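Colleague: Quick one, fold the following:
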Amino acid sequence: MSRPRPEPVQVIKSRRDAALAALVEGVPYIGFLGLRFDRRGDELTAIMPFDDKLIGNPMLPAIHGGVTAAFLETAAIVELAWSLMWEEIEAAGGPAPEAVALPRLPKTIDFTVDFLRSGLPRDAYARARVNRSGRRYASVHVEAWQDNRAKLFAQATGHFLMPERA
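Modeller: Numbers count the residues shown, from 1 in each chain. Okay, the predicted model is just below:
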């Protein structure tokens with residue numbers, strides 16, 4: 001008895017990339033901030049390209065704290081939604097990219113941001129880690145950096161109400 005031949009890697013990558021693009025394009029604020037997401041396997045890195053509109057204090061200059069918090073919260077929510085989509089995307093011979101159902105987004109219960117240093121006028125990166133995700137509740141930790149991954153400029157912990165699943 002022979003095993004079925006695995007899908008070509010390009011088909012798998014295409015399905016994953018299309019699902020992530022659909023998720024990100026479904027949130028207008030992500031577009032307003034200019035956020036992008038780099039996918040490596042199931043790991044996402046949020047990227048916030050520098051733009052003058054992100055500056056809160058032009059005397060320093062520094063990225064506005066509200067922009068930093070929104071960046072971190074968005075990274076957390078997209079990571080949670082991505083984790084909900086992952087099983088369906090990865091199902092053997094998974095659905096065509098246009099057939100992957102976008103999940104309802106988790107709702108923020110609370111979100112605590114630690115501003116560790118000023119965000120400089122340059123690109124920023126963030127990675128979220130899901131600490132716990134159950135049927136109703138999830139806890140996520142997010143870290144943001146700019147030039148050096150070891151020198152965080154902000155971090156956050158959020159708790160989210162998970163959407164009901166079909």
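
Colleague: Could you pull out the buried residues of the helix-or-strand element of the chain with minimal mean pLDDT?
Modeller: Here the helix or strand of the chain ranked lowest by mean pLDDT, DSSP states H and E is helix 9-25, holding a mean of 85. Neighbour-count burial for helix 9-25 flags 15, 16, 18, 19, 20, 23, 24 (criterion: 16 or more other C-beta atoms under 10 Å). The way it works is simple: take the backbone N, C-alpha and C, and place the C-beta from them, glycine included.

Colleague: what's the closest non-adjacent residue to the fifth one?
Modeller: If the residues on either side of it in the chain are set aside, residue 20 comes closest to residue 39, at 5.5 Å by C-beta to C-beta, 6 or more residues apart in numbering.

Colleague: can you tell me which residues contact residue 5?
Modeller: Contacts for residue 5 (C-beta atoms under 8 Å, 6 or more residues apart in numbering) come out as none.

Colleague: Could you report the separation of it from residue 11?
Modeller: Counting by C-beta to C-beta, to the nearest Å, the gap from residue 5 to residue 11 is 12 Å.

Colleague: okay, and for the protein, where does confidence drop off?
Modeller: For the chain, the stretches with pLDDT under 70 are 1, 6-7, 91-101, 166.

Colleague: Which parts of it are strands?
Modeller: Secondary structure of the chain (DSSP state E): strands at 36-40, 43-48, 55-57, 62-63, 107-115, 124-133, 137-145, 152-161.

Colleague: So which of those strands is nearest residue 83?
Modeller: Smallest distance to residue 83 across those (C-beta to C-beta): 5.8 Å, for strand 124-133.

Colleague: list the helices and strands that closest one packs on?
Modeller: strand 43-48, helix 65-90, strand 137-145 (3 or more C-beta pairs under 8 Å, 6 or more residues apart in numbering; DSSP states H and E).
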